[in-house]
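> Structure, please.
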Amino acid sequence: MTDYFVLFGDFLAALPTYLLNGVLVTIYWLIDSAPALVSIACAAGIAYLVDRGMQSRVAFRPGRGGREAATPDPHTAQILTGIVLATWIISQWGMGAPVPWIGAAMWMFGAIVLLVTRHQGPATLWSVKSGIAIYALAVLGSRLYLAYTAELSAEQWAALIGSAESAASVISNTRGNVTTIILWALWLVIPLGYFAMLLQQLLLNPISLSSPLAGAHALIERYRVRR
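Numbers count the residues shown, from 1 in each chain. Predicted coordinates for the structure are as follows:
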């Protein structure tokens, strides 16, 4: 009976350490998974706040008497968001910084632009999703290339080049040059092109000098009422 009390006392004494370790593990996991969690949150916001309204407007069919006709909603916009998100999560899984954070920033900026420019229609929505999808596919392609070339030996290249020594030199130089190009594309070229494209969409319509905070749809509605 005494052994049970001793074990229970040891458990209570070690319980704060177990709890602290659990908290630390959770914090470390949240830090490591922060880019993916940010991307998931932004994708959920896009699906709920933008995709749903955009899909309902596209699927709207007027019926008799000005009432809306019952039409099936295929949820195409939400499905596309899910596909792009899944592709991005898979592509960035296990990647080191800054690629996951660049993708998270692309999701955040895309969500902000979509919320600000809802009146511009499906074009901006497609630009956001296609831009992130292109970046995810570029990450996947670069990872496959680096993994494939890392498994090739100089002897395997010697059959194409001539000798193992020259093959080793060519592999080293080529892989270094291609890796540099890949890093420039993933760190700067593709993200900057994406941000520039969305910034152009954001600044497509000039602000109203009389109502700077009004959107284009509000200005059009005000103009119609005024007439």
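
> If I look at Ala36, what pLDDT would I see?
pLDDT recorded at Ala36 is 93.

> Please report how far it lies from Cys42.
11 Å (Cβ to Cβ, to the nearest Å). Using the backbone N, CA and C atoms, a C-beta is placed for each residue, glycine as well.

> go on, Leu199?
Taking Cβ to Cβ, one finds Leu199 at 17 Å from Cys42.

> out of these two, which sits in the busier spot?
Using other Cβ atoms under 10 Å, the more surrounded residue of Leu199 and Cys42 is Cys42, with 24 against 12.

> My guess is that one contacts Ala111. True?
Yes. Cys42 is within contact range of Ala111, at 4.4 Å (criterion: Cβ atoms under 8 Å).

> so what sits against both of Ala36 and Cys42?
Common neighbours of Ala36 and Cys42, counting by Cβ atoms under 8 Å, 6 or more residues apart in numbering, are Ala104.

> Ala104 touches Pro35, doesn't it?
Yes. Using Cβ under 8 Å, Ala104 is in contact with Pro35, at 4.1 Å.

> Break down this structure into its strands, ranges please.
Along the chain, no segments are classed as strands by DSSP state E.

> Can you tell me which helix or strand of it has the lowest average pLDDT?
The helix or strand of the chain with the poorest confidence is helix 216-226; it has a mean of 50 (mean pLDDT, DSSP states H and E).

> which residues of the protein score low on pLDDT?
Low-confidence segments of the chain (pLDDT under 70): 1-6, 8-12, 18, 57-74, 119-120, 151-173, 205-227.

> Would you map the helices across it?
2-32, 34-45, 52-58, 76-92, 99-116, 122-151, 154-161, 164-184, 190-202, 216-226 (DSSP state H).

> and Leu204, how many neighbours?
Applying other Cβ under 10 Å, we find 12 residues neighbouring Leu204.

> Likewise for Ile182?
Ile182 is flanked by 17 other residues according to other Cβ under 10 Å.

> Leaving out chain neighbours, which residue sits closest to it?
Nearest non-adjacent residue to Ile182, counting by Cβ to Cβ, 6 or more residues apart in numbering: Ser142, 4.5 Å away.

> ok, the one you found to Ile83 distance?
20 Å.

> More neighbours: the two, which one.
More crowded of Ser142 and Ile83, by other Cβ under 10 Å: Ser142, with 20 against 12.

> any idea how far the more buried one is from His75?
From Ser142 to His75 the distance is 32 Å (Cβ to Cβ).

> Could you do Gly141 as well?
Here Gly141 is placed at a distance of 29 Å from His75 (Cβ to Cβ).

> do the same with Ala13
Taking Cβ to Cβ, one finds Ala13 at 54 Å from His75.

> Who has more neighbours out of the two?
Ranked by neighbour count (other Cβ under 10 Å), Ala13 and His75 place His75 first, with 15 against 9.

> With adjacent residues omitted, what lies nearest to that one?
Spatial nearest neighbour of His75, chain neighbours left out: Gln55 (6.5 Å); criterion: Cβ to Cβ, 6+ apart.

> What degree of burial does that neighbour show, as a neighbour count?
By other Cβ under 10 Å, 20 other residues sit near Gln55.
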